[in-house]
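# Any chance you could fold what I've pasted below:
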Amino acid sequence: MILEKYIGKNYKTYLILFLCSLIIGIKLGTLFPLLSLILESQGYSNTQIGLNTIAQPIAIILFVRVTPIIIHKIGLARSIIIAQFFTIALYFSFPLFEGLTAWFIIRFVIGFAGALAWNAFDTWMLSMADDSNRGKIVTIYNTIFVLGFAIGPIVLSFTGIEGWLPFIVIGSLSFVATLPLILLKVEKIQLPKHRSLPVFSAIIAAPTIFGAAILCGLEDVMFVTFFPIFLIKNNLTQELALQYVFIALLGGILFTPIIGILLDKYNKRLILNITVLLILVAPIIVCFNLDKFYLCVLFLVLWGGASSGLFVISLTMLGERYSSSQVAGATAILVMVFEVGSATGPIIGGKVMDTVGPDGFIYTLSALAFIFLLVSIYRTIRR
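Below is the predicted model:
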């Protein structure tokens, strides 16, 4: 069969996981801009919005080292199902409790459940893959998730940001994401005995891999949190702003498979450096050409493709570096450093935007990309 030849003998399980990934991507792609736009409409500053956004990353940073233990104890499928059911009730609590403090607590608890589901997904993918199909699996998995994430703002454009409807949609998506794992037969992976990895030793041993994850976290959360606000503050309508977000995410869908193919053929560090260079340049060009629609579309697609590809590159390099007994621990650390970026990005970006104006969003992203590019080039030359 074509699918079996292309992605391996466990293709049926892969397809189920890809479907779950798509649905979860739609849910998250709807949730992040929804909460930011609601808070912005209530008059909160960008700094306050950024501080509220970091609740989920902080929870993930604090608890992600626990998630491999839970995964090895109750299994991969159960971990994902429990995490999704746990978040359903929490999504419905947003309209009931208003204010930054209440929302911070809700998002913090959601962050723990998200850490469990994320670690389980990544561990499942990497545990079934090998050197012959790892790049393909990671690429397809990430592309489908980004596709869902890109659909999220479009869903939001139909539901609006008022009332219960958007939260009902998000909660329903969480429920639907569990159905394939409950109703369909999935390949159960027998994970080897868990071997923990010391966090700082792992990061020092592979600074480029984990540094790319930090930049990816900075980029992703800042983008979905502040890019719509940046565009609206530059006199674009809310509908057009959400369409621009979709276009950038569409770039991830289009370019991630290409990056996956290149990873199997060319030097991964070279591809990483080119990707980071695009993340540096594309936002600047978009910022100064918002009145040129087609030029914006071109560089939004390149920007989105590079951002999505960054995580694919880091996850692929991680899968090559660590053994199966260390995969859960290694992916947990990758998730942790990703969320360090997710937690610090909104604070830095929100403060800069409040200080210098909406263009501070672009300046922050490009400056952070420039710093990592210098580190990555140095490491490439050393190797």
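
# can you tell me the average pLDDT over stretch 339-355?
Stretch 339-355 comes out with an average pLDDT of 81.

# how far out from the middle of the chain is that stretch?
Here stretch 339-355 is found 16 Å from its chain centre; the criterion is Cα atoms, centre = their mean, to the nearest Å.

# Next, the buried residues of that stretch.
339-346, 348-354 (16 or more other Cβ atoms under 10 Å). Where you see a C-beta, it was placed from the backbone N, CA and C, and this is true even at glycine.

# Repeat that for stretch 357-370.
Of the residues in stretch 357-370, P358, D359, G360, F361, I362, Y363, T364, L365, S366, L368, A369 count as buried by neighbour count, 16+ other Cβ under 10 Å.

# ok, which stretches of the stretch 1-150 of the chain are helices?
Secondary structure of the stretch 1-150 of the chain (DSSP state H, counting those that start in this stretch): helices located at 2-7, 11-41, 46-53, 55-63, 67-74, 76-91, 100-128, 134-159.

# And those: which comes nearest A213?
helix 100-128 (11.3 Å; Cβ to Cβ).

# For that closest one, which helices and strands make contact with it?
helix 11-41, helix 46-53, helix 55-63, helix 67-74, helix 76-91, helix 134-159, helix 293-321, helix 327-356 (3 or more Cβ pairs under 8 Å, 6 or more residues apart in numbering; DSSP states H and E).

# I'd like the ones you listed as CSV, with distance to L374 appended.
Below are those laid out as CSV (distance: least, Cβ to Cβ, whole Å):
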stretch, distance to L374
helix 11-41, 29
helix 46-53, 25
helix 55-63, 25
helix 67-74, 33
helix 76-91, 37
helix 134-159, 26
helix 293-321, 16
helix 327-356, 17
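
# Can you read off the pLDDT for I168?
Looking at I168, its pLDDT stands at 90.

# list the contacts for it?
Neighbouring residues of I168 by Cβ atoms under 8 Å, 6 or more residues apart in numbering: F92.

# change it to 10 Å
I168 makes contact with Y91, F92, P95, T159 under the criterion Cβ atoms under 10 Å, 6 or more residues apart in numbering.

# Neighbour-wise, which one of the residues you listed leads?
Counting neighbours by other Cβ atoms under 10 Å, Y91 comes out on top of the contacts of I168 with 21 neighbours.

# Low-confidence regions, the chain specifically.
Scanning the chain for pLDDT under 70 picks out 1-11, 129-135, 186-202, 205, 264, 319, 322-328, 383.

# Spatially central, which residue of it would that be?
When Cα atoms, centre = their mean is applied to the chain, the residue found nearest the centroid is D220 (6.0 Å).

# In the helix or strand where that residue lies, which residues are buried?
Using DSSP states H and E, D220 falls within helix 207-233. Of all the residues in helix 207-233, those buried under the rule 16+ other Cβ under 10 Å are 208-233.

# Which one, of the helices and strands packed on helix 100-128, ends up nearest to F108?
The nearest among the helices and strands packed on helix 100-128, by Cβ to Cβ, is helix 55-63 at 4.3 Å.

# on contacts alone, who are the packing partners of the closest one?
helix 11-41, helix 100-128, helix 207-233, helix 327-356 (3 or more Cβ pairs under 10 Å, 6 or more residues apart in numbering; DSSP states H and E).

# now with 6 Å?
If you count contacts as 3 or more Cβ pairs under 6 Å, 6 or more residues apart in numbering; DSSP states H and E, helix 55-63 packs onto helix 100-128, helix 327-356.

# Tell me which of these lies nearest to I258.
The closest of the helices and strands packed on helix 55-63 to I258 is helix 100-128. By Cβ to Cβ, the value is 19.6 Å.

# Can you list the buried residues in that closest one?
103-104, 106-128.

# Please apply the same query to stretch 246-266.
For stretch 246-266, by 16+ other Cβ under 10 Å, it's 246-257, 259-260, 262-263.
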